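A.B. asks: just a sequence and a predicted model for now, questions to come.
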Amino acid sequence: MIKTKLLITTLLMSVLVTSNAFAAKKVHRWKLAETWPTNFPIFGDTSKNMAKMVKEMSDGRLIIQIHSRNKHKAPLGVLDMVKAGQYQMGHTAAYYYKGKDINTMFFTTMPFGMVASEQYAWFYHGGGMELMEKVFDKHRILAFPGGNTGNQMGGWFRKEINSLDDLKGLKMRIPGFAGEVLAQVGAKPTNIPAGELFTALERNTIDALEWVGPSLDLRMGFHKVAPYYYTGWHEPGAELQFMVNKRAYEKLPKDLQAILKTAMRVAAYDMYTQSTHESGKNLASISKDYPNVKIKTFPNDVMTALRAANQQLLADFASKDTLTKEIIESQRTYLEQVRPWTNISDQAYLNSAK
């Protein structure tokens with residue numbers, strides 16, 4: 001009888017160990033919808049890099065399959081698809097969705113705002129992550145920084161901008177708050193997915209566009225149609241976002257949640273360094289191989305008008321919604337705190353190293 005009990009106990013323990021091992025090896029399969037076309041460099045590399053790290057760190061327990069815009073056919077519908085649970089994750093830019101929720105746009109970048117290093121500091125140490133959580137909670141989404149392009153160029157223009165009058169009626173692809181600013185000074189902003197930009201410019205559907213910078217612009221061929229390439233003001237530190245369905249995230253074991261968050265953060269940083277590298281390389285190529293491209297800065301009257309319009313719009317938006325006001329004030333006060341250090345560290349060094 002004792003031997004029988006020992007045998008039964010041993011068998012039960014074996015079953016429990018096997019069951020626990022099976023549970024530990026349970027594979028979670030997710031899908032990620034990205035705004036970008038198939039094999040789109042840098043942006044698409046970031047999604048792939050994140051998914052690869054997740055698979056390796058989880059020993060294959062969390063597999064993330066990536067669907068590009070070519071697959072899901074809704075490049076600017078990523079937020080809705082993640083919210084609905086059609087996809088557990090998305091990789092996109094929050095400011096594409098300002099028409100659905102104006103407060104989403106503040107977490108990509110703002111005109112005359114923070115550069116990438118300042119913005120990351122705000123996210124992780126200045127309350128930015130908490131504010132982003134507030135905004136996306138009603139969409140049942142958790143949002144995380146998804147990669148920074150660094151300071152973006154001001155755009156490709158068919159004609160030279162010599163004064164503020166040259167912006168009147170100008171049809172330009174430019175998303176986010178910058179589009180609102182340009183509209184204030186008489187331009188006609190619009191938002192067009194990446195895969196349609198060159199065609200729109202070539203066919204005169206638009207007169208100008210901004211995309212990213214040398215890191216991605218050169219391969220798009222914009223220089224073949226619009227030779228005037230202006231320096232930036234509107235996106236000093238453009239951050240993409242990983243969007244995660246909150247219910248799907250909460251169903252993951254705690255260790256997989258930690259792995260996912262770590263992989264997203266590392267992939268975001270890797271994108272920033274890759275963008276910097278590619279922009280330096282491609283700027284050299286533009287200077288050497290495309291002498292017709294004229295790199296210019298906007299005239300003083302244009303910049304003065306844009307700054308004034310930006311300040312007025314921020315005040316108007318802040319007066320309409322308490323959460324909008326909280327975000328704007330958070331970014332403003334943090335910039336006032338951190339910018340003096342940027343000025344006496346990076347800016348002072350760059351000025352002296354000329």
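C.D. replies: Sure, I can see it.
A.B. asks: let me know the pLDDT of the most centrally placed residue in the chain.
C.D. replies: The structure's the chain has its C-alpha centroid closest to residue 240; by Cα atoms, centre = their mean the separation is 1.0 Å. On pLDDT, residue 240 comes in at 98.
A.B. asks: please identify the helix or strand for it.
C.D. replies: Residue 240 belongs to strand 239-245 when elements are defined using DSSP states H and E.
A.B. asks: what lies in contact with that strand?
C.D. replies: 43, 46, 50, 78-79, 82-83, 85, 87-94, 107-109, 116, 119, 123, 136, 140-149, 260, 264, 268, 271 (Cβ atoms under 8 Å, 6 or more residues apart in numbering). All C-beta atoms are positioned from the backbone trio N, CA, C, and that covers glycine.
A.B. asks: now with 6 Å, please.
C.D. replies: 82, 85, 88-91, 93-94, 108, 141-148, 264 (Cβ atoms under 6 Å, 6 or more residues apart in numbering).
A.B. asks: among those residues, which lie within helices?
C.D. replies: 82, 264 (DSSP state H).
A.B. asks: partner strands of the strand holding residue 240, parallel or antiparallel?
C.D. replies: strand 89-92 (antiparallel), strand 141-148 (antiparallel) (DSSP bridges).
A.B. asks: extract the C-alpha trace of the first one and format it as CSV.
C.D. replies: Below are the C-alpha coordinates for strand 89-92, written out as CSV (Å, rounded to 0.1, in the frame of the first residue of the first chain):
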residue,chain,number,x,y,z
MET,A,89,0.4,46.0,-31.7
GLY,A,90,1.1,48.8,-34.1
HIS,A,91,4.1,50.9,-35.2
THR,A,92,3.1,54.4,-36.4
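A.B. asks: hey, where'd the strands end up in the stretch 251-354 of the chain?
C.D. replies: 294-296 (DSSP state E, counting those that start in this stretch).
A.B. asks: got any ranges where it has weak pLDDT?
C.D. replies: By pLDDT under 70, the stretch 251-354 of the chain contains no weakly predicted segment.
A.B. asks: swap in the stretch 1-150 of the chain?
C.D. replies: 1-24.
A.B. asks: please enumerate the strands of it.
C.D. replies: Under DSSP E, counting those that start in this stretch, the stretch 1-150 of the chain gives strands at 28-34, 62-67, 89-92, 141-148.
A.B. asks: quick check: angle from the longest one to strand 28-34?
C.D. replies: Which is strand 141-148. Interaxial angle, strand 141-148 versus strand 28-34 (axes from the mean of the first three to the mean of the last three Cα atoms, to 10 degrees): 60 degrees.
A.B. asks: redo the strands paired with strand 239-245 as a markdown table? Include mean neighbour count and distance to residue 218.
C.D. replies: Listed next are these as a markdown table, based on neighbours: other Cβ atoms under 10 Å; distance: least, Cβ to Cβ, whole Å:
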| stretch | mean neighbour count | distance to residue 218 |
| --- | --- | --- |
| strand 89-92 | 28 | 22 |
| strand 141-148 | 24 | 19 |
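A.B. asks: so for residue 256, which of those sits nearest?
C.D. replies: Counting by Cβ to Cβ, residue 256 lies closest to strand 89-92 out of those; the figure is 12.9 Å.
A.B. asks: off-centre distance for the closest one?
C.D. replies: Offset of strand 89-92 from its chain centre (Cα atoms, centre = their mean, to the nearest Å): 9 Å.
A.B. asks: which residues sit against that strand?
C.D. replies: 30, 32, 33, 34, 35, 47, 78, 82, 146, 242, 243, 244.
A.B. asks: on that earlier part again, how far away is the residue nearest to the centre of the chain from residue 96?
C.D. replies: As judged by Cβ to Cβ, to the nearest Å, residue 240 and residue 96 stand 10 Å apart.
A.B. asks: same check on residue 148?
C.D. replies: 16 Å.
A.B. asks: next one: residue 151
C.D. replies: From residue 151 over to residue 96 the distance is 20 Å, taken as Cβ to Cβ.
A.B. asks: with residue 150 instead?
C.D. replies: Residue 150 is 19 Å from residue 96, by Cβ to Cβ.
A.B. asks: excluding chain neighbours, what is closest to residue 30?
C.D. replies: residue 88 (4.0 Å; Cβ to Cβ, 6 or more residues apart in numbering).
A.B. asks: and stretch 100-112, how far apart are its ends?
C.D. replies: 24 Å (Cα to Cα, to the nearest Å).
A.B. asks: which of the residues in that stretch are buried?
C.D. replies: 102, 103, 104, 105, 106, 107, 108, 109, 110, 111, 112 (16 or more other Cβ atoms under 10 Å).
A.B. asks: now it: how far from the chain's centre is it?
C.D. replies: Computed by Cα atoms, centre = their mean, the separation of stretch 100-112 from the middle of its chain amounts to 11 Å.
A.B. asks: give the buried residues for stretch 327-344.
C.D. replies: Applying 16+ other Cβ under 10 Å to stretch 327-344 flags 327, 328, 330, 331, 334, 335, 338, 342 as buried.
A.B. asks: got a list of what residue 96 touches?
C.D. replies: Residue 96 touches 76, 175, counting by Cβ under 6 Å, 6+ apart.
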